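Visitor: fold the following, please.
(2 chains)
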2 protein chains.
Amino acid sequence: MVYEISRTAGKLERSHIRAVMEHGFGKEGVIPLWFGESDEPTPEFIKEAGKAAIDANFTTYPPSAGLPVLRKAISRYMTELYGTQISDQQITVAASGMQGVMLSFQCLLNPGDKVKIISPIWPNAANAARLLGADVSSFLLQRDEAGKWSLNLERLFSDCDAGCKLLYLNSPNNPTGWVATREELVAILDYCRKRGIWLVCDDVYGRMVYEGKSAPSVAEIMTAEDQVILLNSFSKAWNMTGWRLGWITAPPEIGLSLARMTEFNISGAAPFIQKAGVAAIEQGEAFIQANRAALKQRRDLVCEGLAAFSRVTIPVPEAAFYAYFSVEGVEDPFAYAIEILDKTGVGIVPGSAFAHDGPYFRMCFACSPGLLSEALTRLEPHLNR
Amino acid sequence: MVYEISRTAGKLERSHIRAVMEHGFGKEGVIPLWFGESDEPTPEFIKEAGKAAIDANFTTYPPSAGLPVLRKAISRYMTELYGTQISDQQITVAASGMQGVMLSFQCLLNPGDKVKIISPIWPNAANAARLLGADVSSFLLQRDEAGKWSLNLERLFSDCDAGCKLLYLNSPNNPTGWVATREELVAILDYCRKRGIWLVCDDVYGRMVYEGKSAPSVAEIMTAEDQVILLNSFSKAWNMTGWRLGWITAPPEIGLSLARMTEFNISGAAPFIQKAGVAAIEQGEAFIQANRAALKQRRDLVCEGLAAFSRVTIPVPEAAFYAYFSVEGVEDPFAYAIEILDKTGVGIVPGSAFAHDGPYFRMCFACSPGLLSEALTRLEPHLNR
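Guide: Numbers count the residues shown, from 1 in each chain, chains lettered A, B, ... in the order given. You can find the predicted model right below:
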């Protein structure tokens, strides 16, 4: 039987991350560096908070905008981190960073609305917008000969002048590790204010920086009334990928709409998971710092290793936990990722997974140094010749 | 500042359940019978399974279609319960029953598609379809003089002949407690097959019946290839409202699309919650039976009490845990629900919350007999005069 699915669902392309993962899943000796996920478990104090909340029967329907205790904890955390007063009325709890994207888009986008996404980028945001019938286009970061990524603001603005309802900015960027400067954010916010464009900032990697406490964020320069939505997740900075918890920062009036949208999507995150989120936010700083120090060593190990290979060009990422590099002489990056997986058992994903043409590959380095060294050893004969 | 939100988000009406709840929330002495939620906690064996799974680090990204162990457990459970072979390839895990609705609609509906919903009904399904731009209309159950609800199949089919892409059937029905017979389901499936209409069955209350093991379900008569989607949730039968876990049964080919849609919405339910779901499915029968026996006593207490009031007409519901009754002489049911709440502290919700005109009210009876008796005592001066 042939089923007719919706036009938007039918058009969405299969993720090349999932495609590589499914090709290699369960095969003996595979080193899986395809997902953006640490091989360390969630910190004990967060697990204990989740279990205690189950014991205390935080197992009933949550309020649509999230538990007040979590919204307050997040507003205090952001106020302190960014030096801007953020109220709990600006915070909506989401059942994952991804859900924050979808709720925001449902709240803002009409079919046909133009969305501009700064890329390369994790593809799900664009797909969520497409699912709602939006007209999505990319604006590419540029890379100099040494491999360093940058954003050409003048060209971005001229591109947006041709029509743009919503600009989607992911900084620190997955996969490149590029980080917008505060000056760039000021210019972007200023431009969006003038044009009435919604600025949606995916700040998920904001705490995973290798200099300073956090990456520059529009949170530092916006007002509560700006047409700005900030998206966050507990997944990366607190090793909580499987907990499915995130939050949205938006003008309070938009927050009311987001809470309503929540009811028609999932009706909130489990309250005991939200209580675990409170523990992460309030007691997580020591973990974040220790985790960053460990990741920095792994970044240096991987980047130095890859940079020594003759076919590889790689900039050192300023943030996030990915090495994103080009390999000379690759024609079909997806096929090459599969070939590498088959020949070496190392799972990396092609740039095509991030709406990016060219011989690019992403390798997550949030895994033990021993395994990373082993991966480099296996890759050497292929990338260094 | 005035923000322009999306047209669909802007059109969605505020839930009258939430409106009544927010009016009464936190007031001293209020008896909250507004939500469909038990005042008993989640059974211990389910909580223990969830906590054990956190300890065992089931805290990383889940597969899009759900944990294989849960999909297999559900397929075995349904196969045994309904006497139809249901494979794990037909099962997609959802992060709540509500998310099952949204994923199914995203997968099937284009803007402008006609959706027919048998009502009165919990309003969120219609709102999810509207959010996607579908053209939603209701087909009302009818009520005889004694208050008994029934479905006029001939009129339903003639209504659908005027154009229908998807028929949404909630049996056992929230709020009325009406249950479709097996013969009615056979006729509906037969009609949908002939017309190529998708039949989406909200089976969430399927185990909450007061005769037999489960309500008749299309699961008993369908094939794996039928254009049928069954929606289920762990919330009601296993007292897991806050866990946000449900499942979708669909043709395997549609399951692949549903799994993809999951990635753009939430990327799955937390794995440790899915493990709690395995415990519920595999060890939950004793609880379901004991819970039903307790609910039956409460149903009889509430229905006998309400039926004795001169202004009230109430049928005894065959399933679910709601008393849905009419009150003579009420002009504005929402205003009356607020008045009752203010004067008696009893929280009931008006039929307007279920797309239903007329002097109707829903009272959840999943709460202790003492509180239910107290609620009846407080209501008596108003409803019996």
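
Visitor: okay, helices next: where are they in chain A?
Guide: A:7-11, A:16-24, A:44-55, A:68-82, A:97-108, A:124-131, A:153-161, A:182-195, A:252-263, A:271-283, A:285-307, A:333-344, A:369-383 (DSSP state H).

Visitor: mean pLDDT and distance to chain B added to these, as a markdown table?
Guide: Heads up, the C-betas are built off the backbone N, CA and C, glycines and all. As requested, the helices of chain A are exported to a markdown table (pLDDT from 0 to 100; distance: least, C-beta to the nearest C-beta, whole Å):
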| stretch | mean pLDDT | distance to chain B |
| --- | --- | --- |
| helix A:7-11 | 83 | 5 |
| helix A:16-24 | 88 | 7 |
| helix A:44-55 | 98 | 5 |
| helix A:68-82 | 98 | 11 |
| helix A:97-108 | 96 | 5 |
| helix A:124-131 | 93 | 5 |
| helix A:153-161 | 97 | 17 |
| helix A:182-195 | 98 | 11 |
| helix A:252-263 | 93 | 5 |
| helix A:271-283 | 98 | 5 |
| helix A:285-307 | 97 | 14 |
| helix A:333-344 | 97 | 18 |
| helix A:369-383 | 97 | 16 |
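
Visitor: buried deepest among the ones you listed, which one?
Guide: The highest mean neighbour count among the helices of chain A, using mean count of other C-beta atoms under 10 Å in any protein chain shown, belongs to helix A:97-108: a mean of 27.

Visitor: measure A:Pro216 to B:Pro369 for me?
Guide: To B:Pro369, A:Pro216 is 59 Å away according to C-beta to C-beta, to the nearest Å.

Visitor: same question for A:Ala128.
Guide: From A:Ala128 to B:Pro369 the distance is 47 Å (C-beta to C-beta).

Visitor: can you check A:Lys275 too?
Guide: Distance from A:Lys275 to B:Pro369, by C-beta to C-beta: 31 Å.

Visitor: also A:Glu304?
Guide: With distances taken as C-beta to C-beta, A:Glu304 is found 71 Å from B:Pro369.

Visitor: do the same with A:Gln274
Guide: Counting by C-beta to C-beta, the gap from A:Gln274 to B:Pro369 is 32 Å.

Visitor: what does A:Asp88 give?
Guide: Taking C-beta to C-beta, one finds A:Asp88 at 38 Å from B:Pro369.

Visitor: what's near enough to touch the residue nearest to A:Lys165 when sequence neighbours are not counted?
Guide: Sequence neighbours aside, A:Asp113 is the residue nearest to A:Lys165 in space, at 4.3 Å (criterion: C-beta to C-beta, 6 or more residues apart in numbering or on different chains). By C-beta atoms under 8 Å, 6 or more residues apart in numbering or on different chains, the contact set of A:Asp113 is A:134-135, A:165-166.

Visitor: report the central residue of chain A.
Guide: Chain A has A:Val204 as the residue nearest its centroid, 5.0 Å off, counting by C-alpha atoms, centre = their mean.

Visitor: re the thing from before, looking at the helices of chain A, which is nearest to B:Thr8?
Guide: helix A:97-108 (7.6 Å; C-beta to C-beta).

Visitor: quick one, that closest one and helix B:97-108 angle?
Guide: Here the directions of helix A:97-108 and helix B:97-108 differ by 70 degrees (axes from the mean of the first three to the mean of the last three C-alpha atoms, to 10 degrees).

Visitor: helices and strands around helix A:97-108, which ones?
Guide: strand A:91-94, helix A:124-131, strand A:198-202, strand A:228-233, strand A:246-249, helix A:252-263, helix B:7-11 (3 or more C-beta pairs under 8 Å, 6 or more residues apart in numbering or on different chains; DSSP states H and E).

Visitor: can I get that helix in CSV? Just the C-alpha atoms.
Guide: What follows is helix A:97-108, C-alpha atoms only, in CSV (Å, rounded to 0.1, in the frame of the first residue of the first chain):
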residue,chain,number,x,y,z
GLY,A,97,16.0,22.3,23.1
MET,A,98,14.4,20.9,19.9
GLN,A,99,11.0,21.5,21.3
GLY,A,100,12.0,25.1,22.1
VAL,A,101,12.7,25.5,18.4
MET,A,102,9.4,24.0,17.3
LEU,A,103,7.3,25.9,19.8
SER,A,104,8.9,29.2,18.9
PHE,A,105,8.3,28.6,15.2
GLN,A,106,4.7,27.5,15.7
CYS,A,107,4.2,30.7,17.6
LEU,A,108,5.8,33.0,15.0
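
Visitor: can you give me the angle it makes with helix B:124-131?
Guide: Going by the same axes, to 10 degrees, helix A:97-108 makes 70 degrees with helix B:124-131.

Visitor: tell me how far helix A:97-108 lies from the chain's centre.
Guide: Distance of helix A:97-108 from its chain centroid, counting by C-alpha atoms, centre = their mean, to the nearest Å, is 14 Å.

Visitor: same question, stretch A:263-276
Guide: 20 Å.

Visitor: that one spans what distance, first to last residue?
Guide: 22 Å (C-alpha to C-alpha, to the nearest Å).

Visitor: and for stretch A:87-104?
Guide: OK, stretch A:87-104 end separation, C-alpha to C-alpha: 18 Å.

Visitor: so what's the nearest residue to A:Gln89 once chain neighbours are set aside up against?
Guide: Spatial nearest neighbour of A:Gln89, chain neighbours left out: A:Pro252 (4.1 Å); criterion: C-beta to C-beta, 6+ apart. Counting by C-beta under 8 Å, 6+ apart, A:Pro252 makes contact with A:87, A:89-90, A:224.

Visitor: measure A:Gly345 to chain B for me?
Guide: 20 Å (C-beta to the nearest C-beta, to the nearest Å).

Visitor: and that residue, how far from A:Ser310?
Guide: Look at A:Gly345 and A:Ser310: by C-beta to C-beta, they are 22 Å apart.

Visitor: what about these two, which has more around it?
Guide: A:Gly345 (17 against 8; other C-beta atoms under 10 Å in any protein chain shown).

Visitor: can you add distance to A:Ser171 and give the helices of chain A back as CSV?
Guide: As requested, the helices of chain A are exported to CSV (distance: least, C-beta to C-beta, whole Å):
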stretch, distance to A:Ser171
helix A:7-11, 28
helix A:16-24, 20
helix A:44-55, 26
helix A:68-82, 14
helix A:97-108, 14
helix A:124-131, 13
helix A:153-161, 13
helix A:182-195, 8
helix A:252-263, 21
helix A:271-283, 21
helix A:285-307, 17
helix A:333-344, 24
helix A:369-383, 25
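
Visitor: which among those helices is found nearest to B:Leu379?
Guide: That would be helix A:252-263 among the helices of chain A, by C-beta to C-beta, at 28.0 Å.

Visitor: next, the angle from the closest one to helix B:16-24.
Guide: Using the same axes, to 10 degrees: helix A:252-263 against helix B:16-24 is 130 degrees.

Visitor: helix A:252-263: how far from the chain's middle?
Guide: The chain centroid and the centroid of helix A:252-263 are separated by 22 Å under C-alpha atoms, centre = their mean.

Visitor: what angle separates it from strand A:228-233?
Guide: Using the same axes, to 10 degrees, helix A:252-263 lies at 40 degrees relative to strand A:228-233.

Visitor: hmm, stretch A:214-234 touching chain B?
Guide: Yes - using C-beta under 8 Å from any C-beta of the partner chain, stretch A:214-234 reaches chain B at A:225, A:227.
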